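1. Just need the structure, nothing else, for what follows:
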Amino acid sequence: MKKLSFFSLATSFTTLMIFWLIMSGKFDAIYIGFGVFSVASVLYVNHNVRRYRFFEDDIDGLQQLRYGRATYYFFWMIGQIIVAGFHVLKLIARPAMPIKPAIITFDADLPNVHARMILGNSITLTPGTITLDISGSRFTVHSIDTKSREGIINDEMPRQVLKLFSDEDRQVVSNVRVVTKASEV
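-> Predicted structure coming up:
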């Protein structure tokens, strides 16, 4: 395992401390002290956990993360959550509830385990879809209707995740299977 650099530690500490201050909204000495203790504890535990490899391809994939692109992805994802939220709201507001649920399975050719984790979490954060399982590069996702699964099947979201780690613009999703009836399982 690489030795922890002072810059990395200082950046992590500062970022987490700013997050603590924003979330607590308190600037008294006691709250700042609790924040320092909490952040130091998180960094200590994180450093110890990183000694172990939990996945066979568990390289430090976050070293490859393009931070400028991550900022874009953050705002793009917020937009996707808002649009999907309104879509789900329209679905449940109609008395007939025109839902067409399905289970989608697909392979995602992403560069590392961190990229797959980001894709799985992004799918779950988007209203109308939830990641049920990730096994290697194989994803199993539930969607509430056809429009909710569009961004996955047409490769829009997976390509955005790929761009977080690479300059490549290629197809990410393959071997898509959409199951809409129990008899198709």
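
2. alpha carbons only for contacts and neighbour counts from here, please
-> OK.

3. what's the domain layout of the chain?
-> 6-52, 62-184 (automatic domain parsing).

4. Out of those domains, which is the most enclosed?
-> domain 62-184 (a mean of 16; mean count of other Cα atoms under 10 Å).

5. ranges for the helices of this protein?
-> 6-24, 29-49, 67-93, 113-125, 146-153, 156-165 (DSSP state H).

6. is it possible to export those to CSV including mean pLDDT and distance to F139?
-> Formatted as CSV, those follow (pLDDT from 0 to 100; distance: least, Cα to Cα, whole Å):
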stretch, mean pLDDT, distance to F139
helix 6-24, 88, 31
helix 29-49, 89, 26
helix 67-93, 92, 19
helix 113-125, 93, 8
helix 146-153, 89, 11
helix 156-165, 92, 11
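
7. Tell me which of the ones you listed lies nearest to T140.
-> Nearest of the helices of the chain to T140, taken as Cα to Cα: helix 113-125 at 9.3 Å.

8. Just the CA atoms of that closest one, as CSV, please.
-> Only the C-alpha atoms of helix 113-125 are listed here, as CSV (Å, rounded to 0.1, in the frame of the first residue of the first chain):
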residue,chain,number,x,y,z
VAL,A,113,-14.6,-1.3,-9.5
HIS,A,114,-15.1,2.3,-8.5
ALA,A,115,-16.6,3.2,-11.8
ARG,A,116,-19.1,0.2,-11.4
MET,A,117,-19.9,1.4,-7.9
ILE,A,118,-20.6,4.9,-9.1
LEU,A,119,-22.9,3.6,-11.9
GLY,A,120,-24.8,1.4,-9.5
ASN,A,121,-25.3,4.2,-7.0
SER,A,122,-26.3,6.6,-9.7
ILE,A,123,-28.9,4.2,-11.0
THR,A,124,-30.3,3.8,-7.5
LEU,A,125,-30.3,7.6,-6.9
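
9. who does that helix touch, helix- and strand-wise?
-> On a contact count with 3 or more Cα pairs under 8 Å, 6 or more residues apart in numbering; DSSP states H and E, helix 113-125 meets strand 129-135, helix 156-165.

10. quick one: which of these is nearest V176?
-> When these are compared (using Cα to Cα), the closest one is helix 156-165, at 12.9 Å.

11. Other residues contacting that closest one?
-> Here helix 156-165 makes contact (Cα atoms under 8 Å, 6 or more residues apart in numbering) with 64-67, 69-70, 73, 108, 110-111, 115, 118-119, 151-152, 168-173.

12. what residues are up against the closest residue to V88 other than its chain neighbours?
-> Spatial nearest neighbour of V88, excluding adjacent residues (Cα to Cα, 6 or more residues apart in numbering): G128 at 6.2 Å. By Cα under 8 Å, 6+ apart, G128 lies in contact with 84-85, 88, 143-145, 148.

13. Alright, that wraps it up for me.
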